[in-house]
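K.L.:
here is a sequence with its predicted model. Questions after.
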Amino acid sequence: MAIQLEFLQSIPYFSGLGPAELHSIEKLIFEKTAERGEIVLLEGEPADGLYFVASGVVKVFKTSAEGKEQILHIVRPGESFNDVPVFDGGSNPASAQAMGPVTLYGIRKSNVETVLRDYPQVALNVIRVLADKVRHLVSLVEDLSFKHVIGRVAKILLEQAGDGKSPGPRLTQQEMAGMAGTAREVVGRSLKALEEQGAVRLDRHRIVITDKEALKEIIEAPS
Amino acid sequence: MPVIAPEKCNGCGLCVSVCYCHALIMVDNIVTIIEIEDCGWCTQCEAVCPTGAISCAFEIVIEEH
């Protein structure tokens, strides 16, 4: 395994550390690879360590009893996941799945404590990383709790649909998120919910409104 | 088809790594679509792109009964 020191330095956890310190930390890192779709962490299981994405992308998500999924984070190279149980001693708070082939760098829980003791700069970095994550999650909680996002998405669909004579504008999920004042992940979930309720059909690159009246009822439903 | 803004592409290749139908490749460090018919419109490439260089837009239509 050849871990690039430049890459370690680019990880927010290790920002500000010199080559000698990074060399010491490198010795504590283990590498793990996963294929597309592979679950790399399962919610509720004991935490084995903290992970950084070295290459590829990982999605961190919760699953409901009915199998519905809510993405919490899309983790890109240099970013970490499973931070919380490493620090609070609990189980994995969410599952993580490889979205394509991924290489992960992990540090076992006991070794994370050693790093924090030996390099106080890392502790300061961890505070910043966790603060960023809290801010992201607070925003997601706000969207999911207070905004009638499904109604807003339904309204956007009705307003932006082509009238049969002229096509309406083509919209990405990111654009719909901007219009609804929410996150892209919440739009994806809303579209799936609208499909489950029989109001729309997701047909590859088309969103087909199959029941206009149902869509109107969803728009008018109290939040 | 997914629309690529080459000037925004930073060449990270994350989109290629998540594309299950192999519709994307990197050419000269810029993402390029090669197998248009195979694109399943999962929009994961758009979701993982850190610079917003890929757009998977939906056409919204009303089905007349």
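P.N.:
Received, thanks.
K.L.:
near chain A, which residues of chain B are found?
P.N.:
Chain B has residues B:1, B:12, B:14, B:16-20, B:40-41, B:43-44, B:46-48, B:50, B:52, B:55-64 near chain A, with proximity defined as Cβ under 8 Å from any Cβ of the partner chain. Placement of C-beta: from N, CA and C, glycine included.
K.L.:
from those, which ones fall inside helices?
P.N.:
Here DSSP state H is the test, and these give B:14, B:16-18, B:44, B:46-48 as lying in helices.
K.L.:
mind checking which of the residues of chain B next to chain A are buried?
P.N.:
Buried members of these, scored by 16 or more other Cβ atoms under 10 Å in any protein chain shown, are B:12, B:14, B:16-19, B:41, B:43-44, B:46-48, B:55-62.
K.L.:
tell me how far the lowest-mean-pLDDT helix or strand in chain B lies from the chain's centre.
P.N.:
Counting by mean pLDDT, DSSP states H and E, chain B has its least confident helix or strand at strand B:30-33, which shows a mean of 87. From the chain centre to the centre of strand B:30-33 is a distance of 8 Å (Cα atoms, centre = their mean, to the nearest Å).
K.L.:
what strands line up against it, and which way round?
P.N.:
strand B:24-27 (antiparallel) (DSSP bridges).
K.L.:
which parts of the strand it pairs with are buried?
P.N.:
Buried, per 16+ other Cβ under 10 Å, within strand B:24-27: B:L24.
K.L.:
right, and A:V53 touches A:P77 too?
P.N.:
Yes: taking Cβ atoms under 8 Å as the definition, A:V53 is a contact partner of A:P77 at 5.1 Å.
K.L.:
who has more neighbours, these two?
P.N.:
Neighbour tally, A:V53 and A:P77, criterion other Cβ atoms under 10 Å in any protein chain shown: the higher count belongs to A:V53, 24 against 20.
K.L.:
quick check: bridge partners of that one?
P.N.:
A:L104.
K.L.:
all helices for chain A, in order.
P.N.:
Under DSSP H, chain A gives helices at A:5-10, A:19-26, A:83-88, A:109-118, A:120-146, A:149-160, A:173-180, A:184-196, A:212-220.
K.L.:
so which of the ones you listed gets nearest A:K68?
P.N.:
helix A:184-196 (7.6 Å; Cβ to Cβ).
K.L.:
and for A:A193, the neighbour number?
P.N.:
Neighbours of A:A193 (other Cβ under 10 Å): 17.
K.L.:
dump the residue contacts of it.
P.N.:
A:I150 (Cβ atoms under 8 Å, 6 or more residues apart in numbering or on different chains).
K.L.:
report the contact partners of the closest residue to A:V75 other than its chain neighbours.
P.N.:
Nearest non-adjacent residue to A:V75, counting by Cβ to Cβ, 6 or more residues apart in numbering or on different chains: A:V58, 4.4 Å away. By Cβ under 8 Å, 6+ apart, the contact set of A:V58 is A:40, A:51, A:74-75, A:81, A:96-99, A:102, A:104.
K.L.:
and A:V58, how far from A:V40?
P.N.:
A:V58 sits 7 Å away from A:V40, taking Cβ to Cβ, to the nearest Å as the criterion.
K.L.:
where do the contact lists of these two overlap?
P.N.:
Both A:V58 and A:V40 are in contact with A:51, A:96-98, A:102, A:104, where contact means Cβ under 8 Å, 6+ apart.
K.L.:
in chain A, where is pLDDT below threshold?
P.N.:
Residues of chain A meeting the criterion pLDDT under 70: A:1, A:163-166, A:223.
K.L.:
around the closest residue to A:G16 other than its chain neighbours, how many other residues sit close by?
P.N.:
Nearest residue to A:G16 in three dimensions, chain neighbours excluded: A:Q121, at 5.0 Å (Cβ to Cβ, 6+ apart). A count of neighbours around A:Q121, defined by other Cβ under 10 Å, yields 16.
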